[in-house]
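Q: This is the structure alone, sequence omitted:
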């Protein structure tokens with residue numbers, strides 16, 4: 001996941017995108033001017049190859065609305081040389097200046113939390129409240145409520161990830177850690193210290209930051225009240241643990257290599273996506289132990305992988321809602337073989353785990369998949385995760401012995417106080 005400091009304020013972005021539109025620098029007509037009553041503009045903002053996934057949604061919509069053309073929004077304007085940052089800037093500019101597609105289905109890479117708070121999207125509750133064909137109770141409530149911001153349902157989650165930590169009985173015994181002690185966030189953080197004391201790297205350094213985001217810092221930012229919520233002493237424990245990992249893990253490969261973690265003194269391999277690609281097949285034939293990293297609410301934190309929004313300036317809001325519904329209906333949610341993300345519809349979750357456990361030959365006894373969804377007590381978007389990682393990266397000068405913890409803490413606090421107040 002790529003992270004960087006946000007170089008401009010939301011107000012500056014608004015000013016620039018409006019200036020670009022009036023000057024004709026962005027190029028092309030407004031999509032709202034191109035649309036007719038017989039077309040719907042859709043932006044599939046997906047980082048990975050998702051042709052099968054997206055075609056299922058499009059084909060389902062076309063079967064219901066045979067007279068509606070799907071217009072694919074392209075923020076690159078056909079310019080192959082544009083990089084992701086340029087494309088994301090144009091898309092954000094289009095949205096904030098009243099242009100952009102009717103429907104956005106996204107991984108969230110191009111949507112910061114500030115953009116979600118900008119007023120650029122419909123409150124979807126107005127559709128849900130008047131649509132008897134959809135029952136919000138059919139979906140995981142914690143996951144769905146992640147889309148409610150400032151009392152408005154800005155987005156509808158479609159699929160999500162959960163994280164698991166993979167280790168073995170042998171490693172736990174050698175680090176004097178009991179599985180029972182890992183059932184709380186504080187116990188998990190303490191286990192990292194025990195691992196370090198016994199010569200083990202707790203996790204890959206990059207994975208530690210993600211684990212910290214899931215378990216310890218998932219609620220650090222209150223976007224509604226524009227505040228930072230973190231105890232300085234608790235934060236220092238997290239950062240000092242990271243610093244020790246940084247020193248011990250300097251010779252480990254930077255990539256997410258499950259086999260290397262298994263064969264060497266790395267305590268936990270974080271299967272961040274619970275997608276089975278992390279190598280359960282390497283561990284399930286041994287004394288594998290799978291630990292769901294708990295957060296400070298004694299639940300687990302999910303990451304929203306795909307969600308949908310409607311442009312507040314759409315000329316086709318009702319059609320846009322019908323398009324979104326195609327990704328929420330049982331006929332789509334049950335197609336677990338087409339995607340390695342967990343469906344938001346409750347009665348499809350077991351089908352998902354049954355299918356992929358069978359596909360990879362994971363024994364039922366290895367992990368408590370049946371209760372995985374019930375453990376969820378919080379959910380983050382990619383934009384929220386990116387903010388947390390950005391906050392952590394502001395302590396890199398302390399990690400590298402260039403500045404004190406206090407200096408980094410003051411800088412990060414000041415930076416995010418301004419960022420949240422804009």
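A: On my side now, so go ahead. On a predicted model such as this, the values are computed, not experimentally measured, just so you know.
Q: any idea which element residue 303 lies in?
A: Using DSSP states H and E, residue 303 sits in strand 300-310.
Q: can you give me the angle the next helix or strand after that strand makes with strand 300-310?
A: Sequence-wise, the next helix or strand downstream of strand 300-310 (DSSP H and E) is helix 317-326. Per axes from the mean of the first three to the mean of the last three CA atoms, to 10 degrees, the angle that helix 317-326 makes with strand 300-310 is 140 degrees.
Q: now what about helix 317-326, what contacts it?
A: 40, 42, 57, 60-61, 64-65, 68, 102-103, 105, 122, 124, 127, 131, 133-134, 156, 308, 310-311, 314, 332 (CB atoms under 8 Å, 6 or more residues apart in numbering). Using the backbone N, CA and C atoms, a C-beta is placed for each residue, glycine as well.
Q: Make a PyMOL selection of whichever of these turn out to be buried.
A: Command for PyMOL that selects the buried part of these, burial taken from 16 or more other CB atoms under 10 Å:
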select buried, resi 40+42+57+60+61+65+68+102+103+105+122+124+127+134+156+308+310+311+314+332
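Q: and the contacts of helix 317-326, which of them are in helices?
A: 57, 60, 61, 64, 127, 332 (DSSP state H).
Q: now the residues you listed as CSV including pLDDT?
A: Below are the ones in helices among the contacts of helix 317-326 laid out as CSV (pLDDT from 0 to 100):
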residue, pLDDT
57, 91
60, 93
61, 95
64, 94
127, 95
332, 91
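Q: In CSV, list the residues you listed along with distance to residue 301.
A: Below are the ones in helices among the contacts of helix 317-326 laid out as CSV (distance: CB to CB, whole Å):
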residue, distance to residue 301
57, 27
60, 31
61, 32
64, 35
127, 28
332, 25
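Q: Closest one of these to residue 216?
A: Closest approach to residue 216 among the ones in helices among the contacts of helix 317-326 (CB to CB): residue 332, at 34.6 Å.
Q: The closest one touches residue 61, doesn't it?
A: No. Counting by CB atoms under 8 Å, residue 61 is not a contact partner of residue 332; they are 10.4 Å apart.
Q: got the contact list for residue 61?
A: Counting by CB under 8 Å, 6+ apart, residue 61 has contacts 68, 70, 322, 323, 326.
Q: now with 7 Å?
A: The contact partners of residue 61, by CB atoms under 7 Å, 6 or more residues apart in numbering, come to 322, 323, 326.
Q: Please convert the residues you listed to a markdown table, extending it with distance to residue 351, neighbour count and pLDDT.
A: Listed next are these as a markdown table, based on distance: CB to CB, whole Å; neighbours: other CB atoms under 10 Å; pLDDT from 0 to 100:
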| residue | distance to residue 351 | neighbour count | pLDDT |
| --- | --- | --- | --- |
| 322 | 25 | 19 | 96 |
| 323 | 24 | 25 | 97 |
| 326 | 19 | 20 | 95 |
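Q: quick check, nearest of the residues you listed to residue 260?
A: Nearest member of the contacts of residue 61 to residue 260, counting by CB to CB, is residue 326, at 41.6 Å.
Q: Residue 83: neighbour count?
A: 9 (other CB atoms under 10 Å).
Q: returning to that earlier point: please tabulate the contacts of residue 61 in a markdown table, including the columns distance to residue 359.
A: What follows is the contacts of residue 61, written out as a markdown table (distance: CB to CB, whole Å):
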| residue | distance to residue 359 |
| --- | --- |
| 322 | 33 |
| 323 | 30 |
| 326 | 25 |
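Q: Quick check: of these, which lies closest to residue 401?
A: Nearest member of the contacts of residue 61 to residue 401, counting by CB to CB, is residue 323, at 52.6 Å.
Q: To which secondary structure element type does the nearest residue to residue 385 once chain neighbours are set aside belong?
A: Of all residues not flanking residue 385 in the chain, residue 213 sits nearest, at 5.6 Å (CB to CB, 6 or more residues apart in numbering). Assigned with DSSP: H, G, I helix; E, B strand; the rest coil, residue 213 falls in the helix class.
Q: Surely residue 213 touches residue 387?
A: No. Here residue 213 does not reach residue 387: they are 9.4 Å apart, not a contact under CB atoms under 7 Å.
Q: Figure out the helix or strand that the nearest residue to residue 212 once chain neighbours are set aside lives in.
A: Residue nearest to residue 212 in three dimensions, not counting chain neighbours: residue 238, with 5.6 Å by CB to CB, 6+ apart. Under the criterion of DSSP H and E, residue 238 resides in helix 232-248.
Q: Check which helices and strands the helix or strand that comes right after that helix sits against.
A: Downstream of helix 232-248, the first helix or strand assigned by DSSP H and E is helix 258-263. Counting contacts by 3 or more CB pairs under 7 Å, 6 or more residues apart in numbering; DSSP states H and E, helix 258-263 packs against strand 269-271, helix 280-283.
Q: Show the average pLDDT along helix 258-263.
A: Taken as a whole, helix 258-263 carries a mean pLDDT of 80.
Q: mind listing what's buried in it?
A: 258, 261, 262.
Q: Including distance to residue 94, could the residues you listed go into CSV?
A: Listed next are the buried residues of helix 258-263 as CSV, based on distance: CB to CB, whole Å:
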residue, distance to residue 94
258, 40
261, 42
262, 46
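Q: now, which of the residues you listed sits nearest residue 359?
A: Nearest to residue 359 among the buried residues of helix 258-263, with distances taken as CB to CB, is residue 258, at 17.0 Å.
Q: Isn't the closest one up against residue 269?
A: Yes. Checked against CB under 7 Å, the pair residue 258 and residue 269 is within contact range at 5.2 Å.
Q: show me where pLDDT drops low in the chain?
A: In the predicted model, the chain carries pLDDT under 70 at residues 1-37, 47-51, 81, 254-256, 272-286, 361-370.
Q: Tell me the buried residues in stretch 148-155?
A: Going by 16+ other CB under 10 Å, stretch 148-155 has these buried residues: 149, 152, 153, 154, 155.
Q: Pretty sure the third one sits against residue 126.
A: No. Taking CB under 7 Å as the definition, residue 153 is not a contact partner of residue 126, at 8.7 Å.
Q: Run through the residues that contact residue 416.
A: 228, 391.
Q: Any figure for the gap between it and residue 100?
A: 28 Å (CB to CB, to the nearest Å).
Q: dump the residue contacts of the residue nearest to residue 291 when sequence neighbours are not counted.
A: Once flanking residues are discounted, residue 291 sits nearest to residue 165: 4.3 Å by CB to CB, 6+ apart. Residue 165 is in contact with 268, 270, 291, 293, counting by CB under 7 Å, 6+ apart.
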